[in-house]
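Asker: Sequence isn't available, so here's the structure alone:
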């Protein structure tokens, strides 16, 4: 009745809708909207102010002790606010500052009578996962912290799913005064390398920078095969965690950048391979100051059983002293200082071991 070629053609025709459905996310994604011109101009004005000589001055010329700027990036309530509140309450207020970038499109609770009160930055803008808006939000936090206090010397980027693994004092000593915290360093600071406050003059940013990763090429061409050229050749393209600890020097470098930003802000046509926030910062710092970074992060993440690009999320029944001690273990430093990702319902068990385990060094 029907010839074989006809049957094959008819079968292919019937299967076409199925193939289009399966390939739709890759071939015909709906890219997220580009960053609007008003938002871009608003950021540029902020970045320009942050990088003027008077604002960019280092803590080393300040009469105060160096501070840690804690930068929280969130699109929901700060789930572990009580834990962080306890963390900061044990610290001298002269040694830290807090800045929160909260997505204005989400109804986020603004806590009162906590250390987070009045620390939400006013110029926050909407963010989308796996988009350049997360880069912008982080740069916005960095610029705000640079402008706010010349004593801010280290800038720690965190999310609402992060928790501290140690007390504030332990973290402060590890970043500023410890001579052996960084296990990858080949030299031990001499007394001449320290300021009058006992702070190292030469210290590095803790940011993960990976040059070999199975999907690196696919992520590189997510905007188009030659779009990143010539500013970012594939040989210079890097990947790493978006949660890092930067020195003031590197925070300024990030805020000043215009060249790489013009490439990384472009929307991807491969939505399933687009995570610009995991590439922009490690690529920029690797290209600009490869010897000024440790190439590892201080935030522990469990990628076992990852789903849709999300790391493993710990559940309440897993929270224990043993887990905290395991999360601290690092091959690169004396200890990890932070960890993610914890389910919001982990708050109660975390609080129950805060004083006896987490803040006990």
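Answerer: On my side now, so go ahead. These numbers come from a predicted model, not from an experiment.

Asker: what helix or strand does the nearest residue to residue 306 once chain neighbours are set aside sit in?
Answerer: Nearest non-adjacent residue to residue 306, counting by Cβ to Cβ, 6 or more residues apart in numbering: residue 312, 6.8 Å away. Bear in mind the C-beta positions are built from the backbone N, C-alpha and C, glycine included. Residue 312 belongs to no helix or strand when elements are defined using DSSP states H and E.

Asker: just the strands in the chain please.
Answerer: Applying DSSP state E to the chain gives strands spanning 67-74, 96-102, 152-159, 163-164, 205-208, 245-247, 293-295, 299-301, 338-340.

Asker: who wins for proximity to residue 170 among these?
Answerer: strand 163-164 (9.1 Å; Cβ to Cβ).

Asker: Can you tell me what sits against that closest one?
Answerer: Strand 163-164 is touched from outside by 80, 83-84, 87, 171, 337-340, 342, 350, 358-359, with contacts defined as Cβ atoms under 8 Å, 6 or more residues apart in numbering.

Asker: Adjacent strands (with direction) for it?
Answerer: According to DSSP bridges, strand 163-164 forms sheet pairs with strand 338-340 (antiparallel).

Asker: Outside of the partner strand itself, list whatever touches it.
Answerer: Residues outside strand 338-340 that contact it (Cβ under 8 Å, 6+ apart) are 156, 158-159, 161-165, 243, 298-301, 311, 327.

Asker: distance between that strand and the chain's centre?
Answerer: 11 Å (Cα atoms, centre = their mean, to the nearest Å).

Asker: go on, stretch 327-342?
Answerer: Here the centre of stretch 327-342 is set off from its chain's centre by 15 Å, with Cα atoms, centre = their mean.

Asker: Could you list the buried residues of it?
Answerer: By 16 or more other Cβ atoms under 10 Å, the buried positions in stretch 327-342 come out as 327, 328, 332, 333, 335, 336, 337, 338, 339, 340, 341, 342.

Asker: Could you work out the most separated pair of those residues?
Answerer: Spanning the widest gap among the buried residues of stretch 327-342 are 332 and 342, at 22.2 Å by Cβ to Cβ.

Asker: Flag the shaky bits of the stretch 51-200 of the chain, pLDDT-wise.
Answerer: 55-63, 186-200 (pLDDT under 70).

Asker: and residue 353, what is it in contact with?
Answerer: Applying Cβ under 8 Å, 6+ apart, the residues contacting residue 353 are 319, 320, 321, 324.

Asker: burial count for residue 54?
Answerer: Neighbour count of residue 54, defined by other Cβ atoms under 10 Å: 8.

Asker: where's it relative to residue 147, distance?
Answerer: As judged by Cβ to Cβ, to the nearest Å, residue 54 and residue 147 stand 10 Å apart.

Asker: Kindly report the same for residue 97.
Answerer: Applying Cβ to Cβ, the value for residue 97 to residue 147 is 11 Å.

Asker: Please apply the same query to residue 86.
Answerer: The value you get for residue 86 to residue 147, if Cβ to Cβ is used, is 29 Å.

Asker: What of residue 306?
Answerer: Counting by Cβ to Cβ, the gap from residue 306 to residue 147 is 37 Å.

Asker: between those two, who's got more neighbours?
Answerer: Counted by other Cβ under 10 Å, residue 306 and residue 147 do not tie: residue 147 has more neighbours, with 19 against 11.

Asker: Pretty sure the more buried one sits against residue 49.
Answerer: Yes. At 6.1 Å, residue 147 counts as touching residue 49 under the criterion of Cβ atoms under 8 Å.

Asker: returning to that earlier point: in helices, which of the contacts of strand 163-164 appear?
Answerer: With DSSP state H as the criterion, helices contain 83, 84, 87, 171, 350 from among the contacts of strand 163-164.

Asker: Who wins on neighbours among the residues you listed?
Answerer: Within the ones in helices among the contacts of strand 163-164, most neighbours by other Cβ under 10 Å means residue 171, with 25 neighbours.
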